[in-house]
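Asker: Below are the sequence and a predicted model; questions follow.
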Amino acid sequence: MTKRNRAVTFSAPEMKTLLGGMSPQRFFREYWHKKPLLVRNAVPHLDRVLDGQGLLQLACREEAESRMVRQTRDNWQVRHGPFEPDELATLPKRNWSVLVSGVNMLIPEGDALLNAFSFAPYARLDDLMVSYAPPGGGVGPHFDSYDVFLIQGLGRRRWEISGQDDLELIDNCPLRILKRFRVDQSWELEPGDLLYLPPKYAHNGVALTDCMTWSIGFRAPTAQEMATEFLVYLQDTLCLDGIYADPDLTYSRQAGRIPPAMLRGLKDMIGKIRWTDADMEDFIGRYLSEPKPQVFFEPPARPAGHATFHRRLLAKGARLDARSRMLYQGHAFYMNGERLEADRDLASSLRQLADQRVLPPGPYDDMLSGLLYDWYRAGYLTTGN
Ligand code: SIN
Ligand code: CO
């Protein structure tokens, strides 16, 4: 059974502890993308949320995205979950780690912790990964392409970091391990301590005791990904008229040659592909709010009727499901990849829901209540705060 100390419930850290008293404005100005930041006791009581056994149980769940990393004398091995409980029960005493991504969608405390970082836009927040390792365990010296907040849950870990430009990786290794690692700074992190690292900052975390690290990850699409996905979007929205015709075709003995007039005609057709700012904005909203492919919503098994839902909304308000991604741009709202255009009144409540991820109890008009009811039936939100 997952051991959790329910006597002291975990509540999401407040800004004043999370960044060690620093305002988010100053954090973005001085640290974000620029330099590491260590904050002692940033997230109190995190060690009470989940222990090693609890994390290993999550790694056995079908819907969890999990990995096991094992370090042998001169090699690294990686296996992907879900795992069988038996195989996790027979692991050695040292030098391995199990990592589970998307923990924000698996336990409510994970959702609360991820949302505590909403001083950064939700469009940039990715997910919460939690790792467990016995002494000696870790994933080796590496760099991530994204900003990361590494928070110590249970136990102690030594973090070594380096601002080196040399990011060459070991060849033929199942993990991205740096060929050379020159340590600039190192710290021992205790429960609740937080280390922020900018993208591409080399780091190596080695467990000193049974150890858990909670990582807040960010998403930053590559240019290639944006272009590819936008072309897929365009394919669905594009509608060009016409068919190639060549009334002036003449005889040629070179039957294998593409006729120059045909080349020109077909290039003209391709050149008619156009898109507007509105197309790009619509694509971006849908793309950024689209849940990851492994995410499935669970609609209520026996949904309440609309009248009951409306009464619950009045008494308890509404809360987005941890899996839901809700973003907006002007009056255009994007809920899990779907677009909705809202009028002024609706937009103000929807903005509140997207920013806070909750709506307070209240008498909402039929339009909003109907929309929330549809989302409730799709499993995107529930009543209650
Ligand atoms: C870990 O939790 O062991 C790895 C986290 C990281 O280095 O990004
Ligand atoms: Co890393």
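Answerer: Happy to help now that I have it. Residues are numbered from 1 along each chain as shown. Ligands and ions are numbered 1, 2, ... in the order given.
Asker: mind checking how far Lys34 is from ligand 1?
Answerer: In this structure, Lys34 and ligand 1 are 18 Å apart, going by C-beta to the nearest ligand atom, to the nearest Å. Heads up, the C-betas are built off the backbone N, CA and C, glycines and all.
Asker: So what touches the longest helix seen in the chain?
Answerer: Longest helix in the chain, counting residues (DSSP state H): helix 223-237. Residues from elsewhere that reach helix 223-237, judged by C-beta atoms under 8 Å, 6 or more residues apart in numbering: Pro221, Ile273, Trp275, Asp279, Met280, Phe283, Arg286, Tyr287.
Asker: again, but for stretch 344-359
Answerer: Residues outside stretch 344-359 that contact it (C-beta under 8 Å, 6+ apart): 115, 122, 313, 317-320, 326-328, 331, 333, 340, 342, 364-365, 367-368, 371-372, 385.
Asker: Could you tell me which of those belong to helices?
Answerer: With DSSP H as the criterion, helices contain Asn115, Leu313, Met367, Leu368, Leu371, Leu372 from among those.
Asker: Show me the two of these that sit farthest apart.
Answerer: Spatially, the most separated pair among the ones in helices among the contacts of stretch 344-359 is Asn115 and Met367, at 26.9 Å (C-beta to C-beta).
Asker: Have a look at the two and say which one is more surrounded.
Answerer: Asn115 (18 against 13; other C-beta atoms under 10 Å).
Asker: Hmm, the more buried one is touching Leu18, no?
Answerer: No: counting by C-beta atoms under 8 Å, Leu18 is not a contact partner of Asn115; they are 11.6 Å apart.
Asker: Buried residues of the longest helix of the chain, list them for me.
Answerer: Buried residues in helix 223-237, counted by 16 or more other C-beta atoms under 10 Å: Glu229, Phe230, Tyr233.
Asker: Please identify the residues of the stretch 1-150 of the chain in proximity to ligand 1?
Answerer: Ser97, Leu99, Ser131, Gly138, Val139, Asp144, Val148, Leu150 (C-beta under 6 Å from any ligand atom).
Asker: Look at stretch 182-201 and report the distance between its end residues.
Answerer: Across stretch 182-201, the terminal residues are separated by 12 Å (C-alpha to C-alpha, to the nearest Å).
Asker: Just checking it against ligand 1, any contact.
Answerer: No: if you take C-beta under 6 Å from any ligand atom as the test, stretch 182-201 misses ligand 1, and the best it gets is 8.0 Å.
Asker: Specify the local secondary structure of the closest residue to ligand 1 within the stretch 1-150 of the chain.
Answerer: The minimum distance from the stretch 1-150 of the chain to ligand 1, using C-beta to the nearest ligand atom, falls at Ser131 (3.2 Å). With DSSP: H, G, I helix; E, B strand; the rest coil as the basis, Ser131 sits in strand.
Asker: how about the strands in the stretch 201-350 of the chain?
Answerer: For the stretch 201-350 of the chain, the strands defined by DSSP state E, counting those that start in this stretch cover 202-207, 211-218, 318-320, 326-329, 332-335, 338-341.
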